[in-house]
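>>> need the 3D shape of this:
(chains A and B)
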Protein chains: 2
Amino acid sequence: MNGALALVRTFQAAGVELCFANPGTTEMHLVGALDTAGMRSVLGLFEGVCTGAADGWGRMTGRPALALLHLGPGLANGSANLHNARRARTPLVCVVGDHATWHLASDPLLASDVEGLARSTSAWVHTSKCSADLPRDGAAALAAATRATGAVATLVVPADCAWGEAPGPASVAGPAAAPQAPAGRIDAAARALRDGSPSALLLGGHALRERGLRAAGRIARATGAALVAETFPARLERGAGLPAPVKLPYFPEDATRLLAGYQRLILAGAPDPVAFFGYPDLPSRLAPDSCEVVTLAAPGEDVPAALEALAGAVGATRDSVAASAARPARPSGRLDPERLGAVLASCQPENAIVVDEALTSALPWVLGSAGCPPHTVLALTGGAIGQGLPCATGAALACPDRPVIAFQADGSALYTLQSLWTQAREGSNVTTVICANRGYRILRVELARAGITEPGPAALALTDFSQPAPDWVALGRGFGVPSVRAETSDDLCRALERAFAEPGPHLVEAVLD
Amino acid sequence: MNGALALVRTFQAAGVELCFANPGTTEMHLVGALDTAGMRSVLGLFEGVCTGAADGWGRMTGRPALALLHLGPGLANGSANLHNARRARTPLVCVVGDHATWHLASDPLLASDVEGLARSTSAWVHTSKCSADLPRDGAAALAAATRATGAVATLVVPADCAWGEAPGPASVAGPAAAPQAPAGRIDAAARALRDGSPSALLLGGHALRERGLRAAGRIARATGAALVAETFPARLERGAGLPAPVKLPYFPEDATRLLAGYQRLILAGAPDPVAFFGYPDLPSRLAPDSCEVVTLAAPGEDVPAALEALAGAVGATRDSVAASAARPARPSGRLDPERLGAVLASCQPENAIVVDEALTSALPWVLGSAGCPPHTVLALTGGAIGQGLPCATGAALACPDRPVIAFQADGSALYTLQSLWTQAREGSNVTTVICANRGYRILRVELARAGITEPGPAALALTDFSQPAPDWVALGRGFGVPSVRAETSDDLCRALERAFAEPGPHLVEAVLD
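Next comes the predicted model:
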C-alpha cells in the first residue's frame, strides 16, 4: 500500500473516525486513502472551520481529532483555531501536505516554511522523510497528541511520502495516562485547607468535568473553601445538581478583587492566574502577593484523581451543595444582553452543548443558566476569535444526539462564518444565536480603558460595523441554514423553540439594542 | 508623543495613506494614533481581507501598504495573503501588536510565537524593545519593505512600546532603487539573441508593466524572440496596442511543451521556471535540459532598464507588433467558462483592473481579452487561494477612478468573502463575477492526475460543494453588496452592464453548467 493509506489506517487504529479537511493538490493521495480506508471526511470551506471543528470534536470525544490541510497557507488559515485547541489541550493531529521532497529545492510559488508555522501552535512537529516512515510518523503524532490530557501535533507529509510505498500501518500505543500529582502536593494542599483561613480552589481543565467538580464540591463543603473556575474552560459541566464554581472574571480589576478575599489559592488543573492582557499600572498576576498559591495538580496531570485524593485527605465525604434547578422567567420587550441571556436560559434544551463565544453578551446567560438542566460549555480557550461556529460544528458531529447551541458574538462569527455551510451539509443539530450588536463591543471598552473616551473616525471605523449591518438572515440562508431575525424576547423565544424542535442547523440573529 | 503616534507619523512621511486593519486590545493606542495623525483606516472583518487588500493597494500604488493586525492569531489569519504579497514582491509593512513586554513572561492565553509566524512570509521581522525605538523600527520596516521592487516586512509592537513615550517620528529614506543588472548580462543576452536559434524572453515582475513590455516587444521584433509571461504575474498590463506575451501554461506538461520549442530562454524578471506542483515522473524544471537559460535581470533588479539596454544592444528601435483592438462576439445560451469569458471580454470597461482568481474558469477570458481596451491584471502570485476579493478591495481603494473586476472562482471566494463588506462600506467600484461551478474543479483534475478517476465518497465530499450550493446572491446581499444571479449569457451581459454603469460594488453569480 502507499504511504497515505498506511497513515490513514494507523489513525483508524487509534480511534480516529473522521477527518476535517480542506485539501489541495499535494493531498490527493491522502484523499484517495481516506476513501480506500472508508474514513468519513468532512469538508470545511475554509481551514479555520476544519481546525475549530476538530477541536470541538476532540473536546467532546476525548479521542484524537484529525485535520487535513494544504501546505503553509492552509496551515496558516487554520492556525488561530489550532491556537485555541492548544490552550484547550485538545488531542489533535494536524496533517499538512507539502510539496514532494525533491520539488521543494526549486522553491515553487506555494512553498513556505511549514514547520516554522506549525511550531507556533503544536507541541510536536515533524516532516516525514520518506513514504516508508509515514505510518510510524503518524503513530508518533498520535502519541504526542494524546500525551497527558492532549496537545496539537503536526505532521508534515511531502506528496512523495504519500504516494510512495509503505510497509503497512504502524502499531499504535494507547493514549498515555495523565501523570498523577505527587502525594506531597496532596498533603500540602490538605494542610493548607485545614488551617481555616479563607481559601479557594481554582479549577481548570478536567477539574471542571463532572468527576472533578463533585470532588471539589465535597472539599468545599468540608473545608469552607470557595470554588472558582478558570475564565475560559475547554469544557465545563454545569447545571442543576452540579457544584457551581464562580467564574474568574475577565477584567483584571474584577479578578483581583475576587481573589483578594483569599489567603490561600489551591490550583487544581489551572495555572497561577494571570490577566488576559497587560495594562499600564496593573500587574500580570491576579492573586495578591499576600495569597499563598499551592499547586495541587498542574494542567497536564490527573486533576480529578488529585481532587479525590485531597477530598479523602480532608475527610470530605458529604456531597457538595449543588445548583438547584431554576430557570429565569421569560422577559418581554426588545432584546438586550440581559433579555437575550434570560430567554436562552429559559428555553435551552436538556443535555445541550453550549459553545460560548458571546463575549460581551455572555454574562447574563452565564448567571441565569446555572440552574438549567445539566449542560456542557465549551469556551474560547485561547482567545483567538472565530472559534465558536467551527467548534459547534465539530461538537455536533461528535455528539449527534445532543443539541448544540453556538452562543455567538457577531464580530467573532464573521471570522469563520463558512462553518454554517458544513452544518448545512452534515445536517448538524446546531442552533446558532448571533448576538448582533454590530460592533466589536469589547474594543469600545478597551478604547476607554486606554484613555480614548471619544473615539475619532479611525477608532469608529475599526470598532463598528453597523454601516452596513451584516444581514445574518441572508448570510445564514446563503450557506443553506434556515435563518430568522429576532428583535424582541418573544421573537427569540419562538425562534429558539422552533430551532430546538426541528432537526438540522438553524440560525437566529438576535438584534441587540 | 507616545510610540504609537511617532510610528504612525513615520509611516505617513513615507507616503503611507491608509491602514488596513483588524485591531484588538493590544493595538488600542495604535488606533488612537491613527486618529491623532489623521490616517484613513479601513476595517476588514477578517485579517485575510486586510493583508490581501494591502497587497492590492501596494501593487497598484507602488508605495508601501500598511496592515495592522492583532497578535499571533491575527497574523496567522492574514498570512495566506501575506504569502501572496511576498511572491508578488509587494512593498508591505505589517504591524502586529503583541502583549506588553513585561506581560509575556506570564504566558497569557493569547501569547504565541509571533516572530516565528511572521518569518514564513516576511523578508524582515523585528520586535520592538521599547517605545523610544518604535519610530526607528518603523523606518527600518519601511526600508525593508521598499528595498528593490518590494517585500513584506513585519514589525511586532508590544503594547507598552505603543503607549510609552517616544522622541518623535523617525526620518525616512526614500525607497531604494532596484539595482541595475550588470552590463555583462546585457552583453551575454544580446550575444545569445544574435545567433538566430529559437529563443524566448520569459518576462516577470516589472517586465510586464508597460515600459518593460514595450522594450521586450522591440527586442522580439528585432530578433524574432518569442515573448512569454510568467503564469501568475503580480501586475500585467495588457490589451490593444500593447505587446501580448504568451502566458506560460499552468500544467507542467503544457509548459514543457511550449518551452521545448526554444534553444535559449532569456530570463527578464522571472526565475528559471519550475512546475507549480511536483508530480511522479515529471521534473521540477520546465525548460528542457537542452535549452540554454540566460539571466538578463533577476526579479529584484531593475528589469525594465535591463530590457531597454538589451533592446539598445540588439539595435531594436522599431515598435513591437502589438495586440489589435478586438472583442469577442457576445455569445448566447447557458453559461460555461467559454461563454462567460467571451461575455466578460465583450463588455469590460476601459482601463479596468481585473483581479484574476478564476482558476479553471479563467482561460477563455484570457484568450478573448488580449485585444480589449488596455487593462491591468493582478494574478494569484503565491497560489494561496482567497486572494481575489481582498486584492480587488485594495486595488479599488488605490485607484478609485478605475473600474475593478474581481474575476473569481467560487471555492476560492469563500475563503475571504468578508471582503464584500469592506467594499460595501467603502463604496468601492468593484464588480465581482463569481464563477459558480460549485466545486474545487481543479482538484477533480488533480484527482485524475493522481490516478483517482472514479472518486469515492471522501473524494467527492472534499471536492464538491453543490449540496447545498452556496447562494451568492444571498451572501453578497448579506454583506451589503447588490447581487444578482446570471444563468445565461444574456443575463450576464445585462448584469455586468448595470454593474459597470452604477457606482459602488456589485456581485454577479455566474452559474456554470
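>>> nearest to chain B: which residue in the stretch 251-400 of chain A?
Closest approach between the stretch 251-400 of chain A and chain B, counting by CB to the nearest CB: A:Gly278, at 3.0 Å. (Glycine included, C-beta is placed from N, CA and C.)
>>> what about the strands in the stretch 151-300 of chain A?
Counting by DSSP state E, counting those that start in this stretch, the stretch 151-300 of chain A has these strands, from start to end: A:152-158, A:199-203, A:226-229, A:236-238, A:246-247, A:264-268, A:292-297.
>>> can you pull the contacts of A:Ala178?
Residues near A:Ala178 by CB atoms under 8 Å, 6 or more residues apart in numbering or on different chains: A:Ala148, A:Thr149, A:His206, A:Gly300, A:Glu301, A:Asp302, A:Val303.
>>> which of the helices or strands spans the residue nearest to the fourth one when sequence neighbours are not counted?
Spatial nearest neighbour of A:Gly300, excluding adjacent residues (CB to CB, 6 or more residues apart in numbering or on different chains): A:Ala148 at 3.8 Å. Secondary structure assigned from DSSP states H and E places A:Ala148 in neither a helix nor a strand.
>>> what does A:Val49 give?
In this assignment (DSSP H and E), A:Val49 forms part of helix A:47-61.
>>> then A:Arg477?
Per DSSP H and E: helix A:472-478 holds A:Arg477.
>>> export that helix to PDB, keeping only CA atoms.
Written as PDB, here are the backbone C-alpha positions of helix A:472-478 (Å, rounded to 0.1, in the frame of the first residue of the first chain):
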ATOM      1  CA  TRP A 472     -27.300  37.300   9.200                       C
ATOM      2  CA  VAL A 473     -30.600  36.000   7.800                       C
ATOM      3  CA  ALA A 474     -29.200  36.400   4.300                       C
ATOM      4  CA  LEU A 475     -25.800  35.100   5.300                       C
ATOM      5  CA  GLY A 476     -27.200  32.000   7.000                       C
ATOM      6  CA  ARG A 477     -29.500  31.200   4.100                       C
ATOM      7  CA  GLY A 478     -26.700  31.800   1.700                       C
END
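>>> tell me the mean pLDDT for that helix?
In this model, helix A:472-478 has a mean pLDDT of 98.
>>> right, is it up against chain B?
Yes. Residues of helix A:472-478 contacting chain B under CB under 8 Å from any CB of the partner chain: A:Trp472, A:Val473, A:Ala474, A:Leu475, A:Arg477, A:Gly478.
>>> which residue, other than its chain neighbours, is closest to the fourth one?
When you say that, I think you mean A:Leu475. In space, A:Leu475 is closest to B:Gly478, 3.7 Å off (CB to CB, 6+ apart).
>>> tell me how far the one you found lies from B:Cys50.
In this view, B:Gly478 and B:Cys50 are 20 Å apart by CB to CB, to the nearest Å.
>>> so for A:Asp513, what pLDDT did the model give?
83.
>>> wait, a helix at it?
No. Under DSSP: H, G, I helix; E, B strand; the rest coil, A:Asp513 sits outside any helix and is assigned coil.
>>> can you pull the contacts of it?
A:Arg334, A:Leu335, A:Asp336 are the contacts of A:Asp513 under CB under 8 Å, 6+ apart.
>>> what packs against the longest helix along chain A?
Determined from DSSP state H, the single longest helix within chain A is helix A:71-88. For helix A:71-88, the elements it packs on are helix A:47-61, strand A:65-70, strand A:92-98, helix A:114-119, strand A:152-158, helix A:388-398, helix B:71-88, judged by 3 or more CB pairs under 8 Å, 6 or more residues apart in numbering or on different chains; DSSP states H and E.
>>> closest one to A:Phe407 among the ones you listed?
helix A:388-398 (7.4 Å; CB to CB).
>>> how far off centre is that closest one?
Centroid displacement of helix A:388-398 relative to its chain, using CA atoms, centre = their mean, to the nearest Å, is 10 Å.
>>> is the helix holding A:Val49 up against chain B anywhere?
Yes. Applying CB under 8 Å from any CB, one finds helix A:47-61 touching chain B at A:Gly48.
>>> if we can go back for a sec, my read: the residue nearest to A:Leu475 touches A:Phe479, true?
No. Using CB atoms under 8 Å, B:Gly478 is not in contact with A:Phe479; the gap is 9.5 Å.
>>> apart from its neighbours in sequence, what residue is nearest A:Ala189?
Leaving out its chain neighbours, A:Ala189 is closest to A:Leu296 (CB to CB, 6+ apart), at 4.5 Å.
>>> for burial, what's the neighbour tally of the one you found?
28 (other CB atoms under 10 Å in any protein chain shown).
>>> list the contacts for it?
Per CB under 8 Å, 6+ apart, neighbours of A:Leu296: A:Ala181, A:Arg185, A:Ile186, A:Ala189, A:Leu201, A:Ile266, A:Leu267, A:Ala268, A:Val303, A:Ala306, A:Leu307, A:Leu310.
>>> export those residues as JSON lines, with columns for pLDDT and neighbour count.
What follows is the contacts of A:Leu296, written out as JSON lines (pLDDT from 0 to 100; neighbours: other CB atoms under 10 Å in any protein chain shown):
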{"residue": "A:Ala181", "pLDDT": "96", "neighbour count": "23"}
{"residue": "A:Arg185", "pLDDT": "97", "neighbour count": "21"}
{"residue": "A:Ile186", "pLDDT": "98", "neighbour count": "23"}
{"residue": "A:Ala189", "pLDDT": "97", "neighbour count": "29"}
{"residue": "A:Leu201", "pLDDT": "98", "neighbour count": "31"}
{"residue": "A:Ile266", "pLDDT": "98", "neighbour count": "30"}
{"residue": "A:Leu267", "pLDDT": "98", "neighbour count": "26"}
{"residue": "A:Ala268", "pLDDT": "98", "neighbour count": "33"}
{"residue": "A:Val303", "pLDDT": "97", "neighbour count": "30"}
{"residue": "A:Ala306", "pLDDT": "98", "neighbour count": "28"}
{"residue": "A:Leu307", "pLDDT": "98", "neighbour count": "32"}
{"residue": "A:Leu310", "pLDDT": "98", "neighbour count": "28"}
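>>> that's all I had, so thanks and see you.
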